[in-house]
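A.B. asks: Build the 3D model from these lines:
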Amino acid sequence: MWDSESESVAGRDYGNGALSSARQGVKTEGFELRDQSWHVATDVPSDLLVHVGEVNFHLHKYPLLSRSGKFNRMIYESRNPDLSKLVLDDLPGGPEAFELAAKFCYGIAVDLTAANISGLRCAAEYLEMTEDLEEGNLIFKTEAFLSYVVLSSWRDSILVLKSCEKLSPWAENLQIVRRCSESIAWKACANPKGIRWAYTGKPPKVSSPKWSEMKESSPSRGHQAPPNWWFEDVSILRIDHFVRVVTAIKVKGMRFELIGEAIMQYATKWLPGLIRDGVGAGDEGSNSGNNHSSRGSASWKGGLHMIVAGTKDELSTVQAKDQRMIIESLISIIPPQKDSVTCSFLLRLLRMANMLKVAPALVTELEKRVGMQFEQASLADLLIPSYNKIETLYDVDLVQRLLEHFLVQEQMEGSSPSRQPFSEKHGYDAAQRVNGQNAKMRVARLVDSYLTEVSRDRNLSLTKFQVLAEALPESARTCDDGLYRAIDSYLKAHPTLTEHERKRLCRVMDCQKLSIDACMHAAQNERLPLRVVVQVLFSEQVKISNTLASSSLKETGGDAHYQPMIPNRKTLLEATPQSFQEGWAAAKKDINTLKFELDSMKAKYLELQNDMENLQRQFDKMAKHKQGSAWSSGWKKLSKLTKMSNLENQDIGPQVASADQTRKTPRRWRNSIS
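C.D. replies: So this is what the prediction gives:
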């Protein structure tokens, strides 16, 4: 508290009808409020009415003129020494700040606090209360209080910066915002062991103290402050001041992951539409993309639910404009390092950016950031509605762009050793990066799941499905079961596809990479083209042959020279009886020829069977007439001759062994007849 004494100063002669004041002082006991008007408690009648906002101040000219250059100039420029009314509608700080400035001019004790110092400092500048008029004037005293009291206090710096929201551009021009931002940045970057001031950060299982209960002492003596102790305090600031603080913190060298967590906490507080489907604000504090993915998947209730939740409440124009400004500001201050914020947060921010129609350049920058860590995304966060289009339910083009950014980033990191990866340029530890091939495999599984989900949309064109499915290289998928499920789902949702379109759709799948269960399902799937079914069966046969050949060579020790029958997909297609790429018509012709020959064989078989039955019936009829039949007597004679020849052979024995060789043909004939 500073007391400003009442003083008499020499009068000033302005000439040309300007004010000429005598040496006199106005003694008062204070101000009184009567019907939205302030009156000075003194016996001297007021001679000046000052209108500030909707409040009137009945004052005296001399105390104001002695310490305010603004009043001196206004009365001088009016050329009216009897001027009795002034209007100050543009005074920063409003009636509250002018009340304190007027009390100071009258010598009334004024309490300077963190809540009123910024408004009073701006009002003093507006009223031109400089040292030229009075030593120890209001500008000097407010500046001293800011420099020696406010900026040395964490709590007061936050409060003063918060109070500057209604004082633009005066607070900016007077460097109040800059000085408070730098003070906060210095304290936020301090060693947590050396913190001895109060803060509103929420320690585990401890309620946050109120501003009115805070004291400039350590809130937890004997306990080290957590690294994120400053998040809660900084998050109460308006977005432009928050950006100033974060920028100053970056300059001071704060760890990028802590800056990212602070940004996520701020977005959670000021963007209520960012968190959907039961994903709590606590998820944002984690810097693990895998945790976000698992939590997001667990709480996911389907893409349609997310769309309804996102568009259920229509945003007002003002609220939409504020949220758009917040999103654009947050995108601009996100640290460039990979994993500074989670991929789940980036995707949800991208979802809101598309909904609120954020500047395209910033949306593109955000898409590139998502591409840097696309392997950490979850299906729930990837199902972004198509806000600007009506042709598809989900924004498939956006996912296509995200995938392209991911592939470009992977190519940059896997390029020549002399070229430093983008993530390492910004201090990212290469040892913590996942293997590029594993990242591609995770992205492939994610894309397959996304295709399965969006394939149910009947407005999704075959071209978009095919382009997204073929965007990843073949090496990214070790198994095409997920891609097969997506294809089957698309065929089920689009039953009107032509034969050519179904063949074109199935061309994105490698039948050789299907598991046994998928092959079993595909072999019985009536929605698949016949050529695909044949290709699946042939590839499975090739696998079995390769397995048997490999096992046999291992038993004989010749596995070192073993080469599989069909090493890759290209060879498989070339090794098929007819090329599935160009010669399918010839293959169908061969199949029809085989079917015709099979039918002919069946007809011949039936004809022979009928002839055999006719012969059997004739034989039965002839057997009934044994005695009168020449055929039966002939059979009897033939049987007697056969018996006699057998007896002769037994009597001769081994003596006629050489003769048997000369009679091979008659003996074979006899055996065949008998």
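A.B. asks: what residue ranges in the chain score low on pLDDT?
C.D. replies: By pLDDT under 70, the weakly predicted segments of the chain are 1-29, 194, 201-223, 275-315, 389-390, 414-436, 546, 550-592, 594-595, 625-674.
A.B. asks: ranges for the strands of it?
C.D. replies: With DSSP state E applied, the chain shows strands at 31-33, 37-40, 48-52, 55-59, 85-87, listed in chain order.
A.B. asks: Switch those strands over to TSV; also include mean neighbour count and distance to residue 118.
C.D. replies: For every residue, glycine as well, the C-beta is placed using N, CA and C. TSV is the format used below for the strands of the chain (neighbours: other Cβ atoms under 10 Å; distance: least, Cβ to Cβ, whole Å):
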stretch	mean neighbour count	distance to residue 118
strand 31-33	13	22
strand 37-40	18	22
strand 48-52	19	17
strand 55-59	19	20
strand 85-87	13	23
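A.B. asks: Select, out of these, the one closest to residue 510.
C.D. replies: strand 48-52 (78.1 Å; Cβ to Cβ).
A.B. asks: all helices in the stretch 151-300 of the chain, in order from the N-terminus.
C.D. replies: If DSSP state H, counting those that start in this stretch is used as the criterion, the helices of the stretch 151-300 of the chain fall at 154-163, 170-173, 176-188, 231-234, 239-252, 256-270, 289-298.
A.B. asks: With only the CA atoms kept, save the longest one in PDB.
C.D. replies: Put plainly, it is helix 256-270. The C-alpha trace of helix 256-270 is given here as PDB (Å, rounded to 0.1, in the frame of the first residue of the first chain):
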ATOM      1  CA  PHE A 256       9.600 -31.100 -25.500                       C
ATOM      2  CA  GLU A 257       7.500 -33.900 -24.000                       C
ATOM      3  CA  LEU A 258       6.500 -31.700 -21.100                       C
ATOM      4  CA  ILE A 259       5.500 -28.900 -23.500                       C
ATOM      5  CA  GLY A 260       3.400 -31.400 -25.400                       C
ATOM      6  CA  GLU A 261       1.700 -32.600 -22.300                       C
ATOM      7  CA  ALA A 262       0.900 -29.000 -21.300                       C
ATOM      8  CA  ILE A 263      -0.600 -28.400 -24.700                       C
ATOM      9  CA  MET A 264      -2.800 -31.500 -24.500                       C
ATOM     10  CA  GLN A 265      -4.000 -30.500 -21.000                       C
ATOM     11  CA  TYR A 266      -4.900 -27.000 -22.300                       C
ATOM     12  CA  ALA A 267      -6.700 -28.400 -25.300                       C
ATOM     13  CA  THR A 268      -8.700 -30.800 -23.000                       C
ATOM     14  CA  LYS A 269      -9.800 -27.900 -20.900                       C
ATOM     15  CA  TRP A 270     -10.700 -25.400 -23.700                       C
END
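A.B. asks: quick check: angle from it to helix 239-252?
C.D. replies: Between the axes of helix 256-270 and helix 239-252, defined by axes from the mean of the first three to the mean of the last three Cα atoms, to 10 degrees, the angle is 170 degrees.
A.B. asks: Check which residues of helix 256-270 are buried.
C.D. replies: Within helix 256-270, the residues that qualify as buried are 256, 258-268, 270, counting by 16 or more other Cβ atoms under 10 Å.
A.B. asks: Pick out whichever of those residues sits closest to residue 35.
C.D. replies: The shortest approach to residue 35 among the buried residues of helix 256-270 belongs to residue 270, at 39.8 Å (Cβ to Cβ).
A.B. asks: Wait, that closest one touches residue 238, no?
C.D. replies: No: using Cβ atoms under 8 Å, residue 270 makes no contact with residue 238, being 9.2 Å away.
A.B. asks: what residues are shared contacts of these two?
C.D. replies: Any residue near both residue 270 and residue 238 by Cβ atoms under 8 Å, 6 or more residues apart in numbering counts here, and not one turns up.
A.B. asks: Quick one, which of the strands of the chain gets closest to residue 190.
C.D. replies: The nearest among those, by Cβ to Cβ, is strand 48-52 at 40.9 Å.
A.B. asks: and the helices of the stretch 151-300 of the chain as CSV, adding distance to residue 32?
C.D. replies: Output for the helices of the stretch 151-300 of the chain, formatted as CSV (distance: least, Cβ to Cβ, whole Å):
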stretch, distance to residue 32
helix 154-163, 27
helix 170-173, 29
helix 176-188, 32
helix 231-234, 38
helix 239-252, 37
helix 256-270, 42
helix 289-298, 60
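A.B. asks: In TSV: the strands of the chain, plus distance to residue 274.
C.D. replies: TSV is the format used below for the strands of the chain (distance: least, Cβ to Cβ, whole Å):
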stretch	distance to residue 274
strand 31-33	45
strand 37-40	46
strand 48-52	40
strand 55-59	41
strand 85-87	45
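A.B. asks: now for the longest helix that the chain contains, which elements pack on it?
C.D. replies: For the chain, the helix that runs over the most residues, judged by DSSP state H, is helix 584-623. In terms of contacts (3 or more Cβ pairs under 8 Å, 6 or more residues apart in numbering; DSSP states H and E), helix 584-623 is packed against helix 630-652.
A.B. asks: again, 10 Å this time
C.D. replies: With contacts taken as 3 or more Cβ pairs under 10 Å, 6 or more residues apart in numbering; DSSP states H and E, helix 584-623 sits against helix 530-556, helix 630-652.
A.B. asks: So what angle separates the directions of the first one and helix 584-623?
C.D. replies: Okay, so that is helix 530-556. If you take the same axes, to 10 degrees, helix 530-556 sits at 80 degrees to helix 584-623.
A.B. asks: Tell me which residues of helix 530-556 come out buried.
C.D. replies: Neighbour-count burial for helix 530-556, with 16+ other Cβ under 10 Å as criterion, is recorded at 531-536, 538-540, 542-543, 546.
A.B. asks: right, and out of these, which lies closest to residue 460?
C.D. replies: The closest of these, once distances to residue 460 are taken by Cβ to Cβ, is residue 532, at 20.5 Å.
A.B. asks: ok, and the closest non-adjacent residue to the closest one?
C.D. replies: Once flanking residues are discounted, residue 532 sits nearest to residue 506: 4.6 Å by Cβ to Cβ, 6 or more residues apart in numbering.
A.B. asks: re earlier: out of the helices of the stretch 151-300 of the chain, nearest to residue 82?
C.D. replies: Closest among those, using Cβ to Cβ: helix 170-173, at 31.6 Å.
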